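Novice: sharing a sequence plus its predicted fold:
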Amino acid sequence: MPPSAFRRQPEPAAAAAWFGGVAGQAILASQAETLRQAAQERPGQAGLWLCPSGMGESEVDLPLLRLRAAARGFEGDVRCALPLPLPSESCGVVIVQHLADISSNPVALLEECARVLLPGGRLWLLALNPLSPYRLRWRGQGPRVAEPVTWRRRLRAAGLAPDAVSLGLGPTWTIAAEPALQDGAGLRAAFLLRAEKRRLPLTPTRAPAAVWQPGLPTA
């Protein structure tokens, strides 16, 4: 089995537990409307949603294949690790909701997301903002964060074209949902960075062995 994209215990459990706590829930609740907008961007096309475990009160129902972070890879609509059991160029939209914050290899994660995106499809990356005062609430709790400029570099390395401006959302310090978007991450707890797949890969990619289909039992 391919190695997991997530750090071994106790760090994945700590990060998942933080997102399941009140401070993490305020961030996730702030993103509910953004998630709905992403899911509606490419109607009629398949989509993928990678999210933390323990979303609790921030739960939203999206018409997407949903995979949650687990101790070893992902669980949810299907249990798997990287590479994702999806065909190349099969998804019109991919949402990466804080999974890159707890990944030991975020570049590999983004490369897989780019692989499954259709040309013209978009990746919606939601990440924690290391410049926010809210960082004191997750410090030492598992998430490993980076500024938007770092994520743009990683997205370009994965073959995607990121937006020039990130959008800040979530609280600044008070534990309360704040869904309004602003230009630039600023001091908000999280930010949204979108990236488009504009070209075909230069080299062919190896197709995964298994393909998920609705109604099939999980492994």
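Specialist: Thanks, I have the structure now.

Novice: quick one: the helices in this protein?
Specialist: Taking DSSP state H, the helices of the chain run over residues 11-20, 22-30, 32-39, 106-116, 135-138, 148-157.

Novice: could you point out which of these sits nearest residue 191?
Specialist: Nearest of the helices of the chain to residue 191, taken as Cβ to Cβ: helix 148-157 at 6.0 Å. In short, each C-beta sits where N, CA and C put it, glycine included.

Novice: quick one: list the elements packing against that closest one.
Specialist: helix 106-116, strand 117-128, strand 161-162, strand 190-196 (3 or more Cβ pairs under 8 Å, 6 or more residues apart in numbering; DSSP states H and E).

Novice: before we move on, the earlier item: turn the helices of the chain into JSON lines, columns for mean pLDDT, mean neighbour count and distance to residue 167.
Specialist: Below are those laid out as JSON lines (pLDDT from 0 to 100; neighbours: other Cβ atoms under 10 Å; distance: least, Cβ to Cβ, whole Å):
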{"stretch": "helix 11-20", "mean pLDDT": "71", "mean neighbour count": "20", "distance to residue 167": "20"}
{"stretch": "helix 22-30", "mean pLDDT": "94", "mean neighbour count": "22", "distance to residue 167": "12"}
{"stretch": "helix 32-39", "mean pLDDT": "95", "mean neighbour count": "17", "distance to residue 167": "8"}
{"stretch": "helix 106-116", "mean pLDDT": "95", "mean neighbour count": "22", "distance to residue 167": "18"}
{"stretch": "helix 135-138", "mean pLDDT": "95", "mean neighbour count": "17", "distance to residue 167": "18"}
{"stretch": "helix 148-157", "mean pLDDT": "97", "mean neighbour count": "17", "distance to residue 167": "10"}
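
Novice: flag the shaky bits of the chain, pLDDT-wise.
Specialist: The chain contains residues with pLDDT under 70 at 1-14, 16, 54-59, 199-219.

Novice: OK, contacts around the one residue sitting closest to the centre of the chain?
Specialist: The C-alpha lying nearest the average C-alpha coordinate of the chain belongs to residue 96 (Cα atoms, centre = their mean; 1.4 Å). If you count contacts by Cβ atoms under 8 Å, 6 or more residues apart in numbering, residue 96 has them with 50, 109-110, 113, 123-126.
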